[in-house]
Each structure stands twice: as structure tokens, then as C-alpha cells.
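**Q** Sequence unavailable; structure follows:
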């Protein structure tokens, strides 16, 4: 428990000095800091006389509100909104509205008094809104999006899956406190400056108006995703420090495999990723809370003792999984009779991947005949502390995890270890020749990252328009960077996909890859123009991955995809 608390605190501290907190600093400085400064008024003979100060606790209340709000939203926000059937960005926009109201209140004092009066804990005859700050902290916590990392990933997975225990709460609170400490220091520095600099002491009304304007500007910037543009423009000066923290042995032991530690998975971190030789990493965790099985009756690992088992985590629209599946299928066919049992655990990225019919169709298309477990609640994913698509876990005949491989590649090593485990289970067993399929894994860093198009998961958007759910019009920007996409025309943006609402909509994609694919559903066409060549893709049916571009080698390119009405576009994937 103490280790988790220290990891959370350190991870939060690093996040608290990273570029992702820059957009909130002006608000913290002016409203959290200068609003708690002692002001002065001219006295007799021009001598400054101190007036009754605003609450000295204001910086602490602002930060306390941020910690409470961030913790509650991160842990319980997704679950609450799911139960209430509300969009996942409701809390964020509620926070933005509160920021605007508080900003107006700073400009119009009477309005601020009405806003913060319910949060004035100590009864006063004339409540002074400047003495509060907890409301502001609550709003900042709802809109504050810290930089991702292993610590935050573990918290997010626990929150989204509902597996919230004491460890998760401790990790979340210590992370929030760690991230808030630098903000508190900045707020106190703002108060110090306001008390020492004469211009601040004499212009308290102007400072309040400035704070209000800054707060409204932050709210508008959040609506138009300007903080993300700022973060992309500023180099991450904490990158090397984050690498040292994230790659430390303590963090690897506690968080590197994702999720939180329990009695079943506590020894998994004894395996290193892709080790060339067999290791011993404890008894394999259970395959748990499966919604449905494909190609099989329910399987339990305990009943498979005596066999070598490969547990493969995958999602059918994930291109990394699509490139690894032929190797899994080949191993299943080659070694099933020799004692290998493959179990595919389908852990969805998208909501449409939770549909059993879609998974069954995908399994058939990929030639998968081994058992597939539908892990729609990510319960088995979490029980294995997994964080990757694909991920392979090799389990020996005694039920011990002996090898873990995250991501693609190293197929020859994995097959060698499968053969070794089969020989260990049945000495002298006759094994067929190695499958020796070609390894098409691209070199990491040479290709564009998977590009999501939905409003809640989208990445690499190069336009200047507001990218939130609803119907909107877009135009291609004059300049578009590499590894990015932009829209043109009228589109309806949903949380996971986008659909043209006019005659058609266009998507311009700048990419680096050997292969470009697009996850699409519905009925219609996608016409792709790339390097003077035109290709039309017929779309009909449930979400599936369609090939747009295939070249002999990895290269840079730019394509324009014209999407007809009736087609939903989810993402671009690259190979």
C-alpha cells in the first residue's frame, strides 16, 4: 500500500510540472493566489493601510476542490454517466459552465456572492465570495486532463471497469495530491507577488477583473481544445524525467502490466516482456466474467492442466491484432494435436466490438476455430493486468505463466517456447516443422499511430474547428502536418464514429505507412484518392476494417477519402 501511495505521489508530481498543466496556471495564479492577498488602501498622508484580507485559506480550498473533483470524476464519473445513460463529456462541460459563471462573478462581485454563498462554511453577516474557492477547485478538477502515464492508466482502467478498491482510491488520491502540490505552490507564489508588488496591492479591482477574463478564456479554450494545441506546440520538458519514473523497477513491479495487483496476478511482473527464454511468473489468473464464448463451451484454466495454453488478448478491428492473428491460427493448427490449447480473449476497444455477432463474423473471417471469450467488461483483461492489443501469455502444463509478449513481433521466439513447453509436458512428443510465417511487423516509430475519429477518442486532428459531439461543418486547413487528419463538409460527430450529413464528406489524411486501413460500417462507398490513383471501397454491414492503401515499402503519403452518406467511419489503422 505504501509503495502504491509513493508511486501515485511521484507520478502526480511529475505530471504537475509537465506542459499539460500550463493552461490552468493563469487561473491558479490570479484566482487561487492573488485573490487571497492582503490589499491596501491609501491612508492619511499617503501611507498605505492594510485592509481586511481575503481568506488566507483560498489557495488551499481551490486545490482541495481540484483534488476532490478530479478523484471523484476519474474513479466514478464514467460509471455514473453510464448508469444515467448520459454522454461521457457531460461532466467536462458542466465544469466549463461553472468556470464561465465564476469568471463572470469575478467581474461582477454581486454575482460571485450568489454563486459561492452555499459554499461559505462559516456563517457571516456579509458573505465575501473572495474568501471561498472550493467551487472553483471543483470546476477545475472536472476539466483538468493530466498527461497520461502508467499510473493514470491504472486508475482509468479501474474506474471504467468498476473495480475500485482501497488500492485504487489510494493511488488516485496520492496522484491527485502529487499533481496539485505544484499548483498550490504556484497559487501561494501568486499571493506573494500580489502582496509585494505595489501595482497588485493598489489595483485589486483590476486584478479581479483580470482573473475573471482569464477564467472565461480558459473555458473557451477548453471548448475549442486550444490547450491540446498548446501542449503539442511546446516540447515536453519532463519527458526524460517521466521515462525515468515510468521505467523504474518499482513502477514496473506495481503497474507495468496494467490494472491493480491482486492475489491471482501479483506474480505476473516476474515475467519480462518478450524474454527469449522461459520464465516463471506464478499461477495463471482466471478467465473471468465472460459474456459469451465463441467456438466453444466455457473454458476454465484449471480443467486444462496437462496442456500448454496460450491466452491471446485481441480486438477484431485492431490492425496490430490482425497482423498477429495468422501466426496464432497457424500455431493452433500445427500444435493442437500435440497439446496446445489457444484461447482468444476478445477485449473490445469500441462499443461495436462488444456485439457477439460482429466477433463471430470476424473470427470466421480470420479463420479462428479455437475458443474465443468475449471479455466485454474487461474483467479478464484487468485480472491479467493487461494494457496491450495484442498480448500473448504462455502457460505451461502445470498452470504457471512462463512467457508474456506484448504487441506484435518476435514470433520465432514465441513459437520456439511453445515447442519447448510441449516437449516438457510430453517428453518425446512428435512435433511438426515450425510454421515460419513471414513477420510483417512494422518498425516502431516509422508509421503513423492508430487514428481514432470519434469525438471522445479522436487523436491527430489537424483542423481548428470544435471537435465535439454533434452536427458541424468543417474545412480543410491551409497547412496540415504529418500524421494527422482533417475534415471537409458537413459531419455528424458521435462519441466513437463520424458520419457525413450532406451529399458526402471528405477526410484528408497525411500518413507514413506501408498499409492504410479504415474501420467502417453502414452502407455506401468510400472513394480514396492517393497519389493520382482512385479507389472505391464498397461498405455494407457491421463495422469492419477495409484496406485503402498498400505499397511495397513504408512511405509517406496523403490521401483524400470521400465518404458517402450512410457510412460510419471509426478510425484509420496503419501497417
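**A** Perfect, thanks for sending it. If you're wondering where the values come from, they're calculated on a predicted model, not measured in any experiment. Numbering: from 1, shown residues only.
**Q** Next, the distance between the ends of stretch 314-325.
**A** The stretch stretch 314-325 measures 9 Å between its terminal residues, going by Cα to Cα, to the nearest Å.
**Q** contacting residues around it?
**A** Here stretch 314-325 makes contact (Cβ atoms under 8 Å, 6 or more residues apart in numbering) with 312, 344-350, 353, 358-359, 362-363, 366, 368, 389-390, 392, 407-408, 411, 440-441, 450, 515, 517, 519, 543-545, 570-571, 573-575. For the C-beta atoms, the positions are set from N, CA and C on the backbone; glycine is no exception.
**Q** and residue 386, helix, strand or coil?
**A** Local secondary structure at residue 386 is given as coil here, using DSSP: H, G, I helix; E, B strand; the rest coil.
**Q** and the top helix by length along the chain, how far out from the chain's middle?
**A** If you go by DSSP state H, the chain has its longest helix at helix 166-196. Distance, stretch centre to chain centre, for helix 166-196: 23 Å (Cα atoms, centre = their mean, to the nearest Å).
**Q** Equivalent analysis for stretch 312-323, please.
**A** Relative to its chain's centre, stretch 312-323 lies at 18 Å (Cα atoms, centre = their mean).
**Q** follow-up on the earlier one: among the contacts of stretch 314-325, which are in strands?
**A** Among the contacts of stretch 314-325, DSSP state E puts 312, 344-346, 392, 515, 517, 519, 543-545, 570-571, 573-574 in strands.
**Q** Among the residues you listed, find me the one that's closest to residue 433.
**A** Distance to residue 433, by Cβ to Cβ, is smallest for residue 392 among the ones in strands among the contacts of stretch 314-325, at 21.1 Å.
**Q** in terms of contact, does that closest one touch residue 405 like I think?
**A** Yes - the pair residue 392 and residue 405 passes the contact test of Cβ atoms under 8 Å, sitting 4.5 Å apart.
**Q** Quick check: neighbours shared by those two?
**A** In contact with both residue 392 and residue 405: residue 414, using Cβ under 8 Å, 6+ apart.
**Q** rewinding a little: the longest helix of the chain - what's its average pLDDT?
**A** Here the mean pLDDT over helix 166-196 is 79, rounded to a whole number.
**Q** What of stretch 2-20?
**A** Here the average pLDDT along stretch 2-20 is 74.
**Q** So what's the gap between that stretch and the chain middle?
**A** Per Cα atoms, centre = their mean, the centroid offset for stretch 2-20 relative to its chain is 17 Å.
**Q** just stretch 387-396 next, same as before
**A** 20 Å.
**Q** from memory residue 142 sits against residue 68, does it?
**A** No - counting by Cβ under 8 Å, residue 142 stays clear of residue 68, with 10.5 Å between them.
**Q** okay, the two: which has more neighbours?
**A** For residue 142 and residue 68, the more surrounded residue by other Cβ atoms under 10 Å is residue 142, and the numbers stand at 24 against 16.
**Q** just to revisit the earlier point, which helices and strands sit right next to the longest helix of the chain?
**A** helix 2-16, helix 58-72, helix 150-161, helix 198-202 (3 or more Cβ pairs under 8 Å, 6 or more residues apart in numbering; DSSP states H and E).
**Q** 10 Å instead?
**A** helix 2-16, helix 25-27, helix 58-72, helix 134-143, helix 150-161, helix 198-202, helix 204-223, helix 249-255 (3 or more Cβ pairs under 10 Å, 6 or more residues apart in numbering; DSSP states H and E).
**Q** rank the ones you listed by pLDDT, which is bottom?
**A** helix 249-255 (a mean of 51).
**Q** Count residues in the vicinity of residue 438, would you?
**A** The burial count for residue 438: 8, using other Cβ under 10 Å.
**Q** How about residue 16?
**A** Neighbours of residue 16 (other Cβ under 10 Å): 24.
**Q** Spatially, what comes nearest to it if we skip its sequence neighbours?
**A** Nearest-residue entry for residue 16: residue 182, 3.7 Å, with adjacent residues in sequence omitted and distances by Cβ to Cβ, 6 or more residues apart in numbering.
**Q** can you check residue 552 too?
**A** residue 514 is the one closest to residue 552 (Cβ to Cβ, 6+ apart), at 7.5 Å.
**Q** same question, residue 314
**A** Nearest to residue 314 is residue 321, by Cβ to Cβ, 6+ apart, at 4.0 Å.
**Q** Off-centre distance for the helix or strand that contains that neighbour?
**A** Per DSSP states H and E: residue 321 is located in helix 319-335. Distance, stretch centre to chain centre, for helix 319-335: 27 Å (Cα atoms, centre = their mean).
**Q** how about the residue nearest to residue 16, what does it touch?
**A** 12-18, 21, 25, 28 (Cβ atoms under 10 Å, 6 or more residues apart in numbering).
**Q** beta partners of the nearest residue to residue 570 once chain neighbours are set aside?
**A** Excluding the flanking residues, the one nearest residue 570 by Cβ to Cβ, 6+ apart is residue 519, at 4.0 Å. Following DSSP bridges, residue 519 is listed with bridge partners residue 545, residue 571.
**Q** In three-state terms, how would residue 550 be classified?
**A** Secondary structure for residue 550, judged by three-state DSSP, is strand.
**Q** mind showing which ranges of the stretch 201-350 of the chain have poor pLDDT?
**A** 201-204, 225-260, 350 (pLDDT under 70).
**Q** Where does pLDDT dip in the stretch 401-550 of the chain?
**A** 440-445, 456-459.
**Q** which residue ranges form the strands in it?
**A** Secondary structure of the stretch 401-550 of the chain by DSSP state E, counting those that start in this stretch: the strands cover 401-406, 451-452, 470-474, 484-493, 498-500, 505-530, 533-563.
**Q** Go through those strands and name the closest to residue 103.
**A** Closest approach to residue 103 among the strands of the stretch 401-550 of the chain is made by strand 470-474 (24.0 Å; Cβ to Cβ).
**Q** for the closest one, packing partners?
**A** strand 484-493, strand 498-500, strand 505-530.
**Q** For the shortest one, which outside residues touch it?
**A** Spelled out, it's strand 498-500. Here strand 498-500 makes contact (Cβ under 10 Å, 6+ apart) with 453-455, 458, 467, 471-472, 474, 487-493, 505-507, 521-522, 524, 562-570.
**Q** List the single closest residue to residue 434 in space, sequence neighbours excluded.
**A** Closest to residue 434 by Cβ to Cβ, 6+ apart is residue 415, at 5.8 Å.
**Q** ignore the last one, residue 358
**A** residue 542 (4.9 Å).
**Q** roughly how far apart are that neighbour and residue 521?
**A** 6 Å (Cβ to Cβ, to the nearest Å).
**Q** any idea which of the helices and strands packed on strand 470-474 is most buried?
**A** strand 498-500 (a mean of 23; mean count of other Cβ atoms under 10 Å).
**Q** Can you report how many residues neighbour residue 460?
**A** Neighbourhood size, residue 460 [other Cβ under 10 Å]: 20.
**Q** Would you mind confirming that it makes contact with residue 572?
**A** Yes - Residue 460 lies in contact with residue 572 (Cβ atoms under 10 Å); the separation is 8.7 Å.
**Q** Give me the common contacts of those two.
**A** What both residue 460 and residue 572 touch, as defined by Cβ under 10 Å, 6+ apart, is the set 448-453, 485, 509, 511.
**Q** To what extent is the residue lying closest to residue 406 once chain neighbours are set aside buried, counted in neighbours?
**A** Once flanking residues are discounted, residue 406 sits nearest to residue 388: 4.2 Å by Cβ to Cβ, 6+ apart. Residue 388: 19 surrounding residues under other Cβ under 10 Å.
**Q** One more: residue 80?
**A** Considering only other Cβ under 10 Å, residue 80 is surrounded by 14 other residues.
**Q** and if you look at the one 4 residues further on?
**A** Here the number of neighbours of residue 84 (other Cβ under 10 Å) works out to 8.
**Q** Including distance to residue 208, could the strands of the stretch 401-550 of the chain go into TSV?
**A** Output for the strands of the stretch 401-550 of the chain, formatted as TSV (distance: least, Cβ to Cβ, whole Å):
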stretch	distance to residue 208
strand 401-406	52
strand 451-452	41
strand 470-474	34
strand 484-493	37
strand 498-500	42
strand 505-530	45
strand 533-563	49
